[in-house]
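[1] Requesting a structural model of the entry that follows:
(chains A and B)
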Amino acid sequence: MTDRIARVAASERIAAATEEAAHTARGARTSWRRARKMVFVAFVAPAVLVLVVVTILPLLYLVVTSFTPLDLTNPASLRWAGLTNYQQLAGDDRFWNSVWVQAQLSFWTVSLQLVIGFAIALLLNGRMRFLELVRSTFLVPMVLPPVVVALIWKILFTPDISILDWTLGLLHLPQPAWLADPRLALWAVIIADVWEWFPFVMLMLLAALQMLPEEPLEAARLDGASKWQAFRYVTLPLLKPAIVVAALFRLIDSVKAFPLIFIMTGGGPGTATEVTNYYAYLEGFSYTYVGYSSAIIVVMLLATLLMSMALLRVSNREVDVE
Amino acid sequence: MLIFVVLCPVLFIVQMSLRTGLDAFQMPPTFPFSVTLQNYVDLIEGKFVRSLVNSTVTSTSTTGLALLLGVPAAYAFSRARIRATGLVSLWTLATRMAPPIAFGIPFFLLYKDLGLIDTRLGLIVIYLTFNLSLVIWMMRAFFDGLPRSLEEAAYIDGAGVVRAFLRITLPLSAPGLATTAIFTFLLSWNDFFYSLILTRSAAVTAPVAIVNFMNYESWEWGKVAAAATVIMLPVVALSIVVRKYLVRGLTAGAVKG
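    Residues are numbered from 1 along each chain as shown, chains lettered A, B, ... in the order given. Modelled structure (predicted):
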């Protein structure tokens, strides 16, 4: 009897002790959480402050200058002018020409990069060490400083000193003065840009290819699908999100071919390769019309923002599918 | 065959840098050719070294600054489960996507008033526009991959939150730190536009310096080729180190690593 009472008392004591221990642990947890919260605020604050100062404020200032006729040679010109710049922009042929040049550049570079990048990704999709080495060398063009890419292609497209020119001659093909011909200059830029950035598409699609599940392909094979059918109806739909994301990335970045154009053609001959970005640069820094230039860029930024939102939407959906 | 087509342009410029002025333009190219380092010697004797120093100093400083500010923030974002993930990724994406000239104009106007045109400090600060959000984005992904239990254990053992972060989490994320640092360094090193509009002579970086002597000494293609080779060497070497993370870095903001 007493024995039993003693045993119950002992187990109660143990239970109490356990609870107390749990309590202190929970207490430590809460104080840990509280301490962490303070530290987190201190960790985040400086970075956010700097980000606001270096990104948001300048962009707001850009919007403000886009409403002024600001001219670098005349500081007094920083005054409100309403929508004048935008109205002028709407009727500016040179601006619309630059949009058209950009549209052609974007269309051709993105489509060619997709086709070439995808083809090579399919070719190199495997786990052999050799393929890995090949893949690494393909990365070189896109990591090179853009200036170096531009210089390389400028030399290659210059007649007499270029191995490209010599090879074309050897094959009895025409040896055009690429960069001096208004019809070819844009193509010279397109070729250089495709060379620089197809590895990006290749890399993204390779990553997607290697993450594809095995089962659907196997099922297709068991059902008697041919290789082409399996690719067309299984692989391609599964890769679609990755392809769209890669294309949107390249589309948005195709606006940034600035170093290529600056070094290879200077926007010329005439305005044959003058994209909007470059036109804005000329207005702002060659002709000093910063106000007008800002208006051009605000329009460009809006277009970029729309495309970025499309990109986020697509890539979020892709994550959801997973 | 494919490798050859892709790399041929690069090799072309490297071999060009090793030839004497006239030899570089012999078509068809003669093999073997007499290798000369004269172009590189000329470079060292010229002003190019100064621009290389500028490039190195600005890229390194901006990387250090971005890490100093961005790494703690990334840690907080990773651990606090703040519902700001969407905001961070939109911000990262926006600063990455915006054409550089969008920041170029306001910074130019501001620097003119502050006397920061043609200074290294000016470049270091403007490089933060793309570096800082990149650091936050990349490091947060790395921190997400580290277990929290270790930090909690350290705290129960009496370490403070900051101490637990510095002593436990940070050493564990060393590979991530290195990758992120290389990325920001490369982006800053490769920059052309900001250096073009914000520097004149004293703070000119290597990519702009090349273009300058292409304009003034256009007959010396050998020297241009040598300079191009010099600025691409570190880039190629470093990107081989981080090739596994290349896609993650280049698509920061939109695609999960």
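[2] how far away is residue B:134 from residue B:181?
    Residue B:134 sits at a distance of 11 Å from residue B:181 (criterion: C-beta to C-beta, to the nearest Å). No exception for glycine: its C-beta is placed from N, CA and C like everyone else's.
[3] and if you look at residue A:187?
    Taken as C-beta to C-beta, the spacing of residue A:187 relative to residue B:181 amounts to 39 Å.
[4] Return the list of helices and strands in contact with whichever helix or strand residue A:296 is part of.
    For residue A:296, the host element (DSSP states H and E) is helix A:290-321. Judged by 3 or more C-beta pairs under 8 Å, 6 or more residues apart in numbering or on different chains; DSSP states H and E, helix A:290-321 is in contact with helix A:57-65, helix A:84-90, helix A:236-253, helix A:276-281, helix B:85-97, helix B:100-114.
[5] Help me see whether stretch A:119-130 makes contact with chain B, please.
    Yes: Stretch A:119-130 comes into contact with chain B when judged by C-beta under 8 Å from any C-beta of the partner chain, the residues involved being A:120, A:123.
[6] where does the residue nearest to the spatial centre of chain B land in three-state SS?
    With the centre of chain B defined as its mean C-alpha position, the nearest residue by C-alpha atoms, centre = their mean is residue B:186, 2.1 Å away. When classified by DSSP: H, G, I helix; E, B strand; the rest coil, residue B:186 comes out as helix.
[7] from memory it sits against residue A:146, does it?
    No: applying C-beta atoms under 8 Å as the test, residue B:186 and residue A:146 come out as separate, 11.7 Å apart.
[8] related to what we said a few turns ago, so residue A:187 and residue B:181 - more neighbours on which side?
    A count of neighbours by other C-beta atoms under 10 Å in any protein chain shown puts residue B:181 above the other of residue A:187 and residue B:181, at 20 against 17.
[9] if I look at residue A:224, how far off is residue A:216?
    With distances defined as C-beta to C-beta, the gap from residue A:224 to residue A:216 amounts to 15 Å.
[10] Ok, residue A:93 next?
    In this structure, residue A:93 and residue A:216 are 52 Å apart, going by C-beta to C-beta.
[11] Which of those two has more residues huddled nearby?
    A count of neighbours by other C-beta under 10 Å puts residue A:216 above the other of residue A:93 and residue A:216, at 15 against 8.
[12] Quick one: name whatever helix or strand follows the helix or strand hosting that one.
    Taking DSSP H and E as the definition, residue A:216 sits inside helix A:215-222. Beyond helix A:215-222 on the C-terminal side, the first helix or strand identified by DSSP H and E is helix A:227-230.
[13] for that next one, packing partners?
    For helix A:227-230, the packing partners by 3+ C-beta pairs under 8 Å, 6+ apart come out as helix A:215-222.
[14] ok so, going back, any idea how far the helix holding residue A:216 is from the chain center?
    On the basis of C-alpha atoms, centre = their mean, to the nearest Å, helix A:215-222 sits 34 Å off its chain's mean C-alpha point.
[15] Point out where the stretch 51-200 of chain B drops to low pLDDT.
    For the stretch 51-200 of chain B, the stretches flagged by pLDDT under 70 are B:81-86, B:89.
[16] all helices in it, in order from the N-terminus.
    Listed in chain order, the helices of the stretch 51-200 of chain B (DSSP state H, counting those that start in this stretch) span residues B:85-97, B:100-114, B:120-144, B:149-156, B:161-164, B:170-172, B:174-190, B:193-198.
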